[in-house]
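Visitor: Below is the sequence, then the predicted model.
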Amino acid sequence: MAKKKKSFADALNLQIANEFAASQSYVAMAVYYDSETLPRLAAFFYRQALEEREHAMMMAQFLLDTGDEVDIPGVKAPEAGFTDAADPVRRALAQEEQVSDDIFALVKLARDLGDFRAEQFMQWFVKEQVEEVALMGDLLKAIERAGDNLLLVEEYISREGLGEEGADPTAPPAAGGG
């Protein structure tokens, strides 16, 4: 019996699930920071949650544009128990590193399948992941340096405008984006 070749659409639908799960994870982190009266950290992670949702919707639009089936999955509840103020950022960095690996695997699959549309589509996500891993790494360093004085992190986020870069005109269109 011949092994069925994995389609790019199937793999991208799995990534849509990962993006929605990442969005929920960031909401849990934002709520934690809100509960700790750290409004800038909370706002940063609320924005990150919206960004991950937008990534899922970009992937859905690509599948719609290419005539493939879109599977909008349910996601399991995110872990929300954090040990200290740095724990959510450590988890966020690990999450972004995993997403990077997932994105790179999608690029490789597209290339292996000779799917030039999919490979070109994924290039924006490669660039995005470089930025996301660097951003979370920088934020983790800032939190670790601040120690118990998290108001320094709040000031850092405000001063640097973390997560407030605005819309990227090179981003793929998102489903429902108008």
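Guide: Great, that's in hand. Numbering: from 1, shown residues only.
Visitor: going forward, measure contacts and count neighbours with C-alpha atoms only.
Guide: Noted.
Visitor: Now the helix or strand bottoming out on mean pLDDT in the chain: buried residues?
Guide: Every helix and strand of the chain was ranked by mean pLDDT, DSSP states H and E. The lowest is helix 151-160, at a mean of 94. For helix 151-160, a neighbour-count test (16 or more other C-alpha atoms under 10 Å) marks 153-154, 156-157 as buried.
Visitor: do stretch 7-17 as well
Guide: Result for stretch 7-17 [16+ other C-alpha under 10 Å]: buried residues 8-9, 12-13, 15-17.
Visitor: Export these to CSV and append columns for secondary structure.
Guide: Below are the buried residues of stretch 7-17 laid out as CSV (DSSP: H, G, I helix; E, B strand; the rest coil):
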residue, secondary structure
8, helix
9, helix
12, helix
13, helix
15, helix
16, helix
17, helix
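Visitor: Out of those residues, which is nearest to residue 168?
Guide: Nearest to residue 168, judged by C-alpha to C-alpha, of those is residue 16 at 19.8 Å.
Visitor: Please name the nearest non-neighbouring residue to that closest one.
Guide: residue 56 (4.8 Å; C-alpha to C-alpha, 6 or more residues apart in numbering).
Visitor: what separates that neighbour from residue 128, distance-wise?
Guide: Counting by C-alpha to C-alpha, to the nearest Å, the separation of residue 56 from residue 128 is 13 Å.
Visitor: Comparing these two, which residue is more hemmed in?
Guide: Set residue 56 next to residue 128 and count neighbours by other C-alpha atoms under 10 Å: residue 56 wins out with 26 against 15.
Visitor: can you pull the contacts of the spatially most central residue of the chain?
Guide: For the chain, the residue sitting closest to the mean C-alpha position, by C-alpha atoms, centre = their mean, is residue 52 at 4.2 Å. If a contact means C-alpha atoms under 8 Å, 6 or more residues apart in numbering, then residue 52 has 19-20, 22-23 as its contacts.
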